[in-house]
Every structure is written in structure tokens, then in C-alpha cells.
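Trainee: I need the structure of the sequence given here:
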Amino acid sequence: MARVMRLNVGDQVVLFDGQGCEATAVIKSMERKSVTLQAETPRAVSRELSFQLVAGVALPKSDRLRFLVEKLTEIGLSDLYPVHWQRSSVQPRPATIERTRRYVIEASKQCGRNQLMQIHPPVSFAEWCRMPVDTAARLCFDTGQWPLATAELRPADQPVWFGIGPAGGLTDDELALAAEQQWRMVSLGSRTLRTETAAIAAAVTAITVMAGGAKRG
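Mentor: Numbering: from 1, shown residues only. Okay, the predicted model is just below:
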């Protein structure tokens, strides 16, 4: 607040707890290494989607990872699972996961979201496939001649889970397991998208359709 935002005594800020509550606060004093605030009574404010949106993603590298997390936080994703696919090129380490959680906080501050997107520990594709049960849709995006995503979605209040695989696509074993666990294979079009682009496109598609804003043929 003092060094980056250049705020002064008497300025107002909004504090949030990451679980849906926030409070307006006034800066009372500023020292070299501390700032004292006087906060009003916290209040619950929801800026979340009307349904839970969960993604399992093969994490990209470095700056692309930060971009992915920032945009999914802004869009309103509720949970992100780093998934290790057979053709994944990045193996998430504990330090990477912690850094990813910091990206969520930074993005939440920027967009005014007061409930943090949850970053879960890494899981294998097999673990991910067997997780969700009571959902409106369980979609797995891959290259290939699959139906468009909108054909598999219907407006509802149930969670939507979707998976975004690595650049190399899914193996035959992964396709078989996805089918066995009743995941729907869907496409975002004929072009090959980067992981972060596909995740953002999938999230926006789900929000648009589940909100009843898209026409379905």
C-alpha cells in the first residue's frame, strides 16, 4: 500500500478474507514496515458464478502458467486441479503449486474477487477421471473430430468439470478410461490451441451456455 500503490493516511481500501467476506478500511497510520488500518464490520459479498466450475489442466510453463491462472481467476473458476497426463511435459512441484496460489491472490485483488479459486494438489489423469460424480457435465477437451462443447451442455445449477490435456493430446489408454468413466469428449474447433487458450475458451463456453445465453441446435 505504501510503496506500490502510494496510498496515504486517510485513504480507503477494501480487505477480503478469500472466503467471500470483505470490509472497507481506512488507513490510520503508516510506518516504514507496517500500516495500521481501521476496518468496518465485514460483510458477505458474492461475486461467484451460479454454479461450480472445475478444471483439470496440464499446467503450462512459466509465464504461460501465470497467464492461465490469472484469467481463470478473473473468469470465475472455482477449483483448479493440476493433472498429470501421459504426455504432460511439466511435472508440477510443490514450489510451483505455492507460486500458483500466490497468482490467484494477486489476480483476485486485481479483479475484486473475494473468494479465492482453490488450487489443489496434483493428481494423475486416472485420479481426476474418477473424482466428480454429481455434475451437470463432465467434459474432456482434445484435438480430433469430436462434437462441439455446446452440444454437451445444458443450463443447470450442478457443477461442471472439464479437463484440458497436454499439447500432445490424450493417449488411447486415456481416451478409453475417459469413456469408461462417462466423460464426454468434446472439441473447441478445428484449430490446435495452447493449453491456456483452450482452458479459457472452455471456461467461457461453459459459463455462456450454463447461464442460458447461448442458442443450442
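Trainee: Name the SS class of A206, please.
Mentor: Secondary structure, DSSP: H, G, I helix; E, B strand; the rest coil: A206 is helix.
Trainee: now it: how far from L49?
Mentor: 9 Å (CB to CB, to the nearest Å). For every residue, glycine as well, the C-beta is placed using N, CA and C.
Trainee: Could you check which of these two is surrounded by more residues?
Mentor: Using other CB atoms under 10 Å, the more surrounded residue of A206 and L49 is A206, with 26 against 17.
Trainee: Could you find the closest non-adjacent residue to that one?
Mentor: V160 (4.9 Å; CB to CB, 6 or more residues apart in numbering).
Trainee: number of nearby residues for that neighbour?
Mentor: V160, neighbours per other CB under 10 Å, totals 27.
Trainee: wait, what's in contact with it?
Mentor: For V160, the contacting residues are 51-54, 135-137, 139, 153, 206, 210, by CB atoms under 8 Å, 6 or more residues apart in numbering.
Trainee: ok, now M117?
Mentor: 69, 72-73, 77-80, 104, 108.
Trainee: Show me these that map onto helices.
Mentor: 69, 72-73, 104, 108 (DSSP state H).
Trainee: how's this protein carved up into domains?
Mentor: What automatic domain parsing lists as the domains of the chain is 12-44, 53-210.
Trainee: For the helix or strand hosting T197, name the packing helices and strands.
Mentor: Assessed by DSSP states H and E, T197 sits inside helix 195-210. Identification of packing neighbours for helix 195-210 by 3 or more CB pairs under 8 Å, 6 or more residues apart in numbering; DSSP states H and E yields strand 53-57, helix 62-75, strand 137-141, strand 160-164.
Trainee: Just the mean pLDDT for that helix, thanks.
Mentor: Averaged over helix 195-210, pLDDT sits at 88.
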